[in-house]
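> coordinates for the following, if possible.
(chains A and B)
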Amino acid sequence: RKEVEQDPGPFNVPEGATVAFNCTYSNSASQSFFWYRQDCRKEPKLLMSVYSSGNEDGRFTAQLNRASQYISLLIRDSKLSDSATYLCVVNLGSARQLTFGSGTQLTVLP
Amino acid sequence: DVKVTQSSRYLVKRTGEKVFLECVQDMDHENMFWYRQDPGLGLRLIYFSYDVKMKEKGDIPEGYSVSREKKERFSLILESASTNQTSMYLCASSYGRGVVDTQYFGPGTRLTVL
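Purely as a prediction, here's the structure:
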C-alpha cells in the first residue's frame, strides 16, 4: 500500500462544476497535511494547508478525517485556470519531511 | 517572496559523466531537499539537509550524493550518470528546525542521460 494514495484521474469537468478529490495516508501519527498544485512542466506550489477543523480559501475547501485517515479537497465553481495536477502532501511522522502523493489530474473544460 | 533557483532548466549528459545540480534559496531557510519526479511515481526524496555540512538520506539515495557548504546552497551530485537517472529534479527549502513546514520548490531541472 502506498503511504499517500490518490486517485490519479484524470478528472474532466465543465466550467462551473464542483469537483472533489480524496487522499488516504498510512500513518495515523501524521500531524501536517497540505494540498499542492502543479501546473504542467512547472514546480509544485502550496495551494493550502489542511487543518483539523477544516478550512476554506475562496472556492477551495479542505477537510481532514483522522479516524479514516483521509483528506479531501473540494473545488467549487471550477475555472479553466484550475486545470492542474493536485498533490496530496502529508508528514508521515518524521520531523520536517513530507511525503507526496502521485497527484490527481484535473482538466476544466469550456 | 521565497525564491529557490536551480542552476539549469534542461541538461543533457552522457552515461558515466559526473553531473552537478545546484540549488540556491534566498530566505535563510534551515532545511533543503532534493527530489526526483517521474510519471506515475510522484516526487521521491533523494537527500535532505537540516544544516550546513549536514545531510541525510531520503528514500532513494543510491547513485547520488549531496553537498551543503553554505546555508543557502545545496548541491546534488550524480557521480556517474546512468540512463535510469533521466528525470525531473526538484529542489525545495523550508523554514525551521523541528518544524514540519511548507516546502518551496525551485523550477526544476529536466535531466536527460544518453
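> any part of stretch A:73-89 near chain B?
Yes - against chain B, stretch A:73-89 shows contacts by C-beta under 8 Å from any C-beta of the partner chain at residue A:87. C-beta here means a position set from N, CA and C on the backbone, and glycine is covered the same way.
> and the gap between the residue with the largest distance to the centre of chain A and residue A:75?
Taking C-alpha atoms, centre = their mean, the residue of chain A most remote from its mean C-alpha position is residue A:110, at 22.7 Å. Distance of residue A:110 to residue A:75, computed by C-beta to C-beta, to the nearest Å: 16 Å.
> do residue B:81 as well
Using C-beta to C-beta, residue B:81 is found at 40 Å from residue A:75.
> quick one: contacts of stretch A:22-37?
Applying C-beta atoms under 8 Å, 6 or more residues apart in numbering or on different chains, the contact partners of stretch A:22-37 are A:1-7, A:44-50, A:60, A:62, A:64, A:66, A:68-73, A:84-93, A:98-101, B:100, B:102.
> got a list of what the residue farthest from the centre of chain A touches?
Contacts of residue A:110 by C-beta under 8 Å, 6+ apart are A:14, A:15, A:80.
> you'd agree the last one is up against residue A:13?
No - contact status for residue A:80 versus residue A:13: not in contact, 10.7 Å apart, counting by C-beta atoms under 8 Å.
> please pick the buried ones from the contacts of stretch A:22-37.
Buried subset of those (neighbour count, 16 or more other C-beta atoms under 10 Å in any protein chain shown): A:4-6, A:44, A:47-48, A:50, A:60, A:62, A:64, A:70-73, A:84-92, A:98-101, B:100, B:102.
> got the residues of chain B near chain A?
B:31, B:35, B:40-43, B:45, B:48, B:50, B:58, B:90, B:94, B:97-108.
> hmm, which of those are the buried ones?
B:31, B:35, B:42-43, B:45, B:48, B:50, B:58, B:90, B:94, B:100-106, B:108.
> pull the contacting residues for residue A:6.
Applying C-beta under 8 Å, 6+ apart to residue A:6 gives the contacts A:21, A:22, A:23, A:87, A:88, A:101, A:102, A:103, A:104.
> quick check, nearest of those residues to chain B?
Nearest to chain B out of these is residue A:102 (C-beta to the nearest C-beta; 3.8 Å).
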